[in-house]
Structure formats: structure tokens, C-alpha cells
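1. Quick check, what structure comes out for this input:
(4 chains)
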2 protein chains.
Amino acid sequence: MAKQKGAEGRPPGMTDVARVAGVSAQTVSRVLSGHPNVREKTRATVLAAVEQLGYRRNNAARMLSSGRSRTIGVVTLRTTFYSRAAVTSGIEHAAQAAGYTVSTATTASLDTSAIEAALSRLADQGVEGIILSVPLTHSSPRIEQFTRAVPTITIDGSRTDATEVVAVDQALAARLATRHLLDLGHETVWHLAGPEEWLEAAARRDGWRATLEEAGRPVPPPLEGDWSPASGYRGGLVLARIPEVTAVFVASDEMAFGVIRALHEQGRRVPEDISVVGVDDIELAEYCSPSLTTVAQPFGQMGALAVAHLLRHVADPGALPEPASVEPRLVVRASTAPAGAPAPRRERP
Amino acid sequence: MAKQKGAEGRPPGMTDVARVAGVSAQTVSRVLSGHPNVREKTRATVLAAVEQLGYRRNNAARMLSSGRSRTIGVVTLRTTFYSRAAVTSGIEHAAQAAGYTVSTATTASLDTSAIEAALSRLADQGVEGIILSVPLTHSSPRIEQFTRAVPTITIDGSRTDATEVVAVDQALAARLATRHLLDLGHETVWHLAGPEEWLEAAARRDGWRATLEEAGRPVPPPLEGDWSPASGYRGGLVLARIPEVTAVFVASDEMAFGVIRALHEQGRRVPEDISVVGVDDIELAEYCSPSLTTVAQPFGQMGALAVAHLLRHVADPGALPEPASVEPRLVVRASTAPAGAPAPRRERP
DNA sequence: GCAGAGGATGTTATCGATGCCAACAGATGG
DNA sequence: CCATCTGTTGGCATCGATAACATCCTCTGC
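-> Modelled structure (predicted):
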């Protein structure tokens, strides 16, 4: 047993409350669970006793006895990306509102084994549902085993047999960005993509390519970054050296900052010489020079939606997984301009 | 009882493993807890049975029985600031490495009552320790009650009787920034502070003021923002209108981006006309134009340190709280320049 | 060869709350 | 006035694992 029985410091239990209130422990349980069949007066007495003793129900015991943990687990990659923070915030908010606790398991890499380990940790916690907020290109038997045992929602757009998906329509995001640039009169649009193993990166690249093809434009070879500003910078240096580049669709705002920086350094002006569009609409997008045209993603909403779907699925495991998606939105700022626009003099001569 | 007893779908229990292995449940427990006094052969038999049945220990039961949850709780503000993400990452990493699970309780505001609610949720979870990663200017009896009951580490630099503190030396951060600007020959340094209720904001302001006073320089009235780039922008508009401003110390990189943006728009060049220093060293600091001189904060290290201290405190509740602090580091980039430097022509005339 | 130390294992009581069922009270109705 | 029903409440077993204690067994050392 955990604590010495006689010790006075031991926190009060339900029986203690029952004794003080002059009822049985069972009745205390009923009051605390909001069971309807309890006389009003009894309820008041019990609540008074609870208050007096500063009693709190022991979660471990409830969980053991009832089999419910009221906890959902979240698997994320251990990064400081804006998107991760925003999605997580949304999840936490929605979960708390629904009376659920959030337990986090982060992984340092996207290795199948790392994800398995994270899932394993959550399974040990007895979570009722899992939100898998990492790209999952290669599933594995062990992963499937977990997702079959515990209701799971995937956020990145990947999917498994036993998994429901909530995702932003990334192809649409790419389409909006590319379309915008073409509409400005650019002959074609170059692309700095995210890492291949991220499904959202792949979806954006596909959307970009499809838009160009539909418009009958040449499709330049896409570059690839790793989401970091540094990789954007490297990509920017490459792009700066290609004279015919006049428009770039960058797969994330953070990389876009790096691209713009590199272009600046190489003497290519944004947006006069080259237009740049990002994705995410991070808070800083509006406050850099030039402010960044980008495709806003409803991260918070996505987190909330994931939780809503997950809890519905938890409540009714038989329900058919029904994919949901939320729409991105183009935010036009100052990093894009019509093709071949006369270069305005911005600084003092 | 939670699950129907006879059902075959019920996950295997320790007794099931014991039966298969031909030992008692207690022995299984000992094997799984790494108890030394178990014959090697028995251990192997048990592990084989565990493997065969796909057995996992029930955390709720362990917790109830042993009184330990191996979970720590983190209270944070629900924001998407870089600092929050970075600290949280550090905490999660360290906690996982130590075999602990992290349970998150976020609050939307800094109200005492909101924080109390968050703590209450964590207490219900039975966490063994709490990391309070929100500024806590006004404590409250209820808060003190929680922090007395559960080992708690505060990260923001605030402190309570029963609370240990891990913090970056913010006064030093401010000193480094201010000193740097003075060393560049600036007559004095203006300051855009963070919200007053954040202790780190207050510490930075104090450090800035002290440095100026020690140097015998005039202390301009500090402006105040809310950490957002937008508030930085507003502050920047004000500063741009004051001719004698040549150096500004901004309390966060995110605000600094806004400040620089505003100065640009008003035709004040950075760093030729005005030097700007931020705090945090967010990833983007290096990739904007001009790249931002800033004071780097070891966020990840801080999270890890907090966990280390917390676990030490959990292991030995009698140990005296011993404040720890980690040092910030100045990172000089391109947003600062000597005072009165001849303005170089950067753009084509 | 035997006593004693100590390692290996089993037994039992519990941790704190909940589910099911029985008991009991007051209300309704014939 | 008794039978039935609905609303309240208590009793008991139980969830799955661990702590403490009790055993049993196996080596030493004399």
C-alpha cells in the first residue's frame, strides 16, 4: 500500500467525507458524479463535507474502477514551429473545454520506431484517444496495433485503416498561392517545398504542380527545404542565381523569410524583381519587410476539430471515420506584385 | 466494476501473465519493476509470458497502489510565442528522458483564478510535481495551498514560499543589450518593455534602467508592449517620431520585428539611424533584414533544468529550494551599429 | 553435517472509487 | 388498505497492481 494508514497527513478519502456527512461513501460518489437520484438536502450536506475537508477525488482510483481516464494523448514532433504551437494550443483548449486532460508525448524524429515509442507511452497512460500530429508516411504493424486499440485522429493528412483524418486542404492552399501569382501575370511559379516525408509538403507540391499544368505553364523543378529559415535561405541563394525566376511559392513562412533574406542579399528585390508567397500566416508575416503574402491556415480551428472528432469517436467507437477538412485562406500583403512592374524607388536616392 | 469479467477482449492482467509463466503475480511485478532478487531463469520465463500475451501494466492501478504517478504537470499560457514552445519542448524532452509523463494545463489568462483552475486540474491528475511556467505576480492562498501540497518549480522568476525558481537572469540579459548599445557610442538607450505583470519584463526593464544609471546616462521613459509584433509596431511608430532616439532595447524579438517595421515605414533606417536589440533569439531573428542583434535565451536548457530540479525536489521533499539560473548570451547581428555612423548607401541611387 | 544468513517466491491486505443489487421509503392507484 | 412503482440510499465485490510479511530454499562456514 502506498501511504501509512495511520498518518494524519493522508488526504481525505471518500469514506472520510461520508463519515462527516453522515451518509455512505456510495452516496458521496453519486453526488460527485452528478447522479440525479439524490435528495437535494443530502447533496448539500455532502458538498459541505467535501468543502470542509478539502476533499478531491483520487483520479487513479476512479480510472481503475471506471476504466475511463478522461485523458487524450497528443503525439507531436519536438519542434518550435509556429504551426505546432498553434495546433497544440487549439487541442488543449478544446480538450479542456470538454473536460479532458491532455497528455503529451513528443518525438525527436519521424522514425517509425520513435513514433511507436510515443504511442506506447500514451497507451501506458491509458488515454482514451490519441491525436497523431506528426506526418506518417510509413505506417507499421505496431502503429496500426495502437491505433486500432485506441481511437486515433491523424492531423497531418496521412491515414491509416483505423484512423480518422482532420486536415487542412493543402492542395487548395498551394492552388491559392500559385493561382495568385499567375494572376499577377507571372509566366510561371517556382517552388521551395518542405521535406518529402511530410505529407502536407507533398500535397502542397502536388497542388502547385497541378495548378501550373492546368494553366499550361512550364513546371520548374521544385527545390526542397526542411522548414527551417536556414534552408529557406539556401534555397533563396539558388533561386537568386536563376534570372528567369520572378515568382516563388514557398511551403512555409519560416522558409519564406530565409528566401527573402537571400534574395535581398543577392540584390534581387522583393516584390519588384521576385514575388514570394508563403504558407501559414505566422504572426511575424505581417511585420517583416516586405510584409509577407501568405496562405493562412486555421491551426487553432484544426486542433479543435480534431478534438471534437476524436471525442465523438471515443463516445461511439462504431461510428465510421469521416474525414474532415478546413479551408486555408489567401492573405495578400506586400511580397507579391504584378510581373514586370516598374521598379519603384523606395529608398532615398 | 469497469469491464465485464468474462469477456475475452479484456486486456491481460498481471495474474494472467503469472498463470502463463507459472509464478505468482508478485513475481511478475518484481520482474517488471526490475527488482534484483529474481532468478534469471524466472525473469526470462516471465518476460516471455509478458511478450506472448502482449501484456502492459495498468498505470491507474500502479498509481493507486504505489501512490506514484510518474507524471509532472506543466502550467503555461495558451500562446504561440516562440519562448513558450521552446521551454515546453525542453521540459517534455527532459521529462521523457527521466521516465516521466507530461500533463499540460493551459490557461487563457493570467488571472489568479485561471491559474488556480489549471493547478486544480493538475492536482486532480495526481501529478507528482508541477512546473509553473506563467508569470505569477499576485499569488493567492489557493495557489499557495497547491504549491505546498505538490512540489512546484516556477519558471518565470516569480516566487512563492513553497516554490523553487529556475530562471534566466533577465537583468543580465537587459544589461548585455544595453551595455552593447552604449559601447557602440549611443548617448542613451530607449526601451520597449513587455507587459508589467510579467516578471521577466519587469526584470529586463530594471536591468536596463540600472545599466543606464550606472553609466550616468539619462533614462528615457520606457514604452510598454504586450509581446506581440503588433504592439512592437505601435511602439515603433512612437519612437520614430522622437528625433533623439538612436538606440532601442526591445523586450522581445517578436516586438522588435514590429518596431523595425514601423521605423522603416517612417523612413528611419536600421541600423544606420537607429540601432535595435531584441531578446530571445528566435529562429527568424537571423533571417530578417536587417538580421536582428538579440540576447539569446537558453530556453531548452531552462526547461531541462526545471525538470531536473523538480525531480530532485520530488525525490527529496525536504531539500531546500535552491534557486538556479542560466545565463543569457548576446548575439550581435546587423541591427546595431555605432552611433552617428555615416549612412552607407545600400540601395541603387 | 547442521545452523544461520540471505536470496527467491508466495500470501494477504489494501489503495480509493465505482457498478450492481438489495433495501427501504414515500407516492400512486385500484 | 394493500400492491406496485419510483426515488434514495447502503452493502459488497471489484478494478489491477504493490507493500509488507511470511515462507521456503539454498548456500555458506564451522
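
2. Going along the chain, name the helices of the stretch 1-150 of chain A.
-> A:14-21, A:25-32, A:40-53, A:59-66, A:82-97, A:112-125, A:141-149 (DSSP state H, counting those that start in this stretch).

3. residues contacting the closest residue in space to residue A:317 that isn't next to it in sequence?
-> Excluding the flanking residues, the one nearest residue A:317 by C-beta to C-beta, 6 or more residues apart in numbering or on different chains is residue A:151, at 6.3 Å. Just so you know, the C-beta spots here come from the backbone N, C-alpha and C atoms, and that holds for glycine as well. By C-beta atoms under 8 Å, 6 or more residues apart in numbering or on different chains, the residues touching residue A:151 are A:128-130, A:164, A:310, A:313-314, A:317.

4. Go again with 7 Å.
-> Going by C-beta atoms under 7 Å, 6 or more residues apart in numbering or on different chains, residue A:151 touches A:129, A:310, A:313-314, A:317.

5. Among those, the buried ones, what's the PyMOL command?
-> Applying 16 or more other C-beta atoms under 10 Å in any protein chain shown to the contacts of residue A:151, the buried members can be selected in PyMOL as follows:
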select buried, chain A and resi 129+310+313+314
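
6. Which two of the contacts of residue A:151 have the greatest separation?
-> A:310 and A:317 (11.3 Å; C-beta to C-beta).

7. Skipping adjacent residues, who's closest to residue A:176 in space?
-> The shortest distance from residue A:176 to any non-neighbouring residue, by C-beta to C-beta, 6+ apart, is to residue A:330 (4.4 Å).

8. part of a strand, is that neighbour?
-> Yes. Checked against DSSP: H, G, I helix; E, B strand; the rest coil, residue A:330 lies within a strand.

9. now it: how far from residue A:220?
-> Taking C-beta to C-beta, to the nearest Å as the measure, residue A:330 falls 21 Å from residue A:220.

10. tell me the domain boundaries of chain A?
-> Per the record, chain A has its domains at A:16-54, A:71-168+A:299-327, A:170-297, by automatic domain parsing.

11. Buried deepest among these, which one?
-> With neighbours defined as mean count of other C-beta atoms under 10 Å in any protein chain shown, the domains of chain A peak in mean count at domain A:170-297, which reaches a mean of 22.

12. how long is that one from one end to the other?
-> 9 Å (C-alpha to C-alpha, to the nearest Å).

13. what does stretch A:194-201 give?
-> The first and last residues of stretch A:194-201 sit 5 Å apart, counting by C-alpha to C-alpha.

14. any idea of the mean pLDDT for it?
-> The average pLDDT within stretch A:194-201 is 90.

15. and what of stretch A:70-79?
-> 94.

16. do that stretch and DNA strand C meet?
-> No. Using C-beta under 7 Å from any atom of the strand, stretch A:70-79 stays clear of DNA strand C, with a minimum separation of 10.6 Å.

17. do stretch A:89-108 as well
-> No. Contact of stretch A:89-108 with DNA strand C (C-beta under 7 Å from any atom of the strand) is absent, the minimum separation being 13.3 Å.

18. ok, and what's touching that stretch?
-> So stretch A:89-108 is contacted by A:70-78, A:114-115, A:118, A:121-122, A:125, A:127, A:131, A:134, A:299-304, A:306-308, A:311, B:78, B:80, B:92, B:101-104, B:106, B:121, B:125 (C-beta under 7 Å, 6+ apart).

19. cool, stretch A:236-243 as well?
-> A:190, A:223, A:245, A:248, A:258-263, A:266, A:268.

20. Between which two of those residues is the distance greatest?
-> A:190 and A:261 (16.6 Å).

21. pLDDT wise, what is the residue of the stretch 151-300 of chain A found nearest DNA strand D at?
-> DNA strand D sits closest to residue A:151 of the stretch 151-300 of chain A, with a gap of 19.0 Å, by C-beta to the nearest atom of the strand. Residue A:151 is assigned a predicted lDDT (pLDDT) of 91.

22. next one: phi and psi at it?
-> Residue A:151 adopts backbone torsions of phi -50, psi 130, taken as degrees, to the nearest 10.

23. Equivalent analysis for residue A:152, please.
-> phi -130, psi 140.

24. List the residues that contact the residue most central in space within chain A.
-> Nearest residue to the geometric centre of chain A (C-alpha atoms, centre = their mean): residue A:87, 3.3 Å. Residue A:87 is in contact with A:133, A:155, A:299, A:302-303, counting by C-beta under 7 Å, 6+ apart.

25. Least confident of those?
-> Within the contacts of residue A:87, residue A:155 has the lowest pLDDT, namely 88.

26. Show me what from the stretch 51-200 of chain A comes close to chain B.
-> A:56, A:58-61, A:63-67, A:78, A:80, A:82, A:84-86, A:89, A:92-93, A:101-104, A:106, A:121, A:123-126 (C-beta under 7 Å from any C-beta of the partner chain).

27. Try it again at 8 Å.
-> A:56-61, A:63-69, A:71, A:78-82, A:84-86, A:89, A:92-93, A:96, A:101-106, A:108, A:121, A:123-126 (C-beta under 8 Å from any C-beta of the partner chain).

28. what's the first-to-last distance across stretch A:193-202?
-> First residue to last in stretch A:193-202 (C-alpha to C-alpha) measures 8 Å.

29. who's in contact with that stretch?
-> A:110, A:135-137, A:156-158, A:167-168, A:170, A:204-205, A:222-227, A:251-252, A:255.

30. quick one, phi/psi of whatever residue of the stretch 201-349 of chain A ends up closest to DNA strand C?
-> Distance from DNA strand C to each residue of the stretch 201-349 of chain A (C-beta to the nearest atom of the strand) is smallest for residue A:315, at 14.7 Å. Main-chain torsions, residue A:315, degrees, to the nearest 10: phi -70, psi -40.

31. picking that back up, would you format the helices of the stretch 1-150 of chain A as CSV with distance to residue B:294 included?
-> Shown next, in CSV, are these (distance: least, C-beta to C-beta, whole Å):
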stretch, distance to residue B:294
helix A:14-21, 54
helix A:25-32, 51
helix A:40-53, 50
helix A:59-66, 43
helix A:82-97, 18
helix A:112-125, 32
helix A:141-149, 40
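
32. Nearest to residue A:185, out of these?
-> Closest to residue A:185 of the helices of the stretch 1-150 of chain A, according to C-beta to C-beta: helix A:82-97, at 30.8 Å.

33. That closest one vs helix B:112-125, what angle?
-> Between the axes of helix A:82-97 and helix B:112-125, defined by axes from the mean of the first three to the mean of the last three C-alpha atoms, to 10 degrees, the angle is 80 degrees.

34. Quick check, residue A:128 in contact with residue A:68.
-> Yes. Counting by C-beta atoms under 8 Å, residue A:128 does reach residue A:68; the two are 6.6 Å apart.

35. Among the contacts of residue A:151, which are located in helices?
-> Counted as lying in helices by DSSP state H, out of the contacts of residue A:151, are A:310, A:313-314.

36. so where's the stretch 51-200 of chain A shaky on pLDDT?
-> A:157-162 (pLDDT under 70).

37. hmm, try it at 90
-> Flagging of the stretch 51-200 of chain A using pLDDT under 90 yields the residue ranges A:67, A:110, A:134-140, A:143-149, A:154-168, A:196-200.

38. Get me the contact residues on it for DNA strand D.
-> A:61, A:64-65.

39. that older thread, looking at the contacts of residue A:151, which is nearest residue B:32?
-> residue A:129 (26.1 Å).

40. measure that closest one to residue A:146 for me?
-> 12 Å.

41. overlap in contacts of these two?
-> With contacts taken as C-beta under 8 Å, 6+ apart, residue A:129 and residue A:146 have residue A:152 as neighbours in common.
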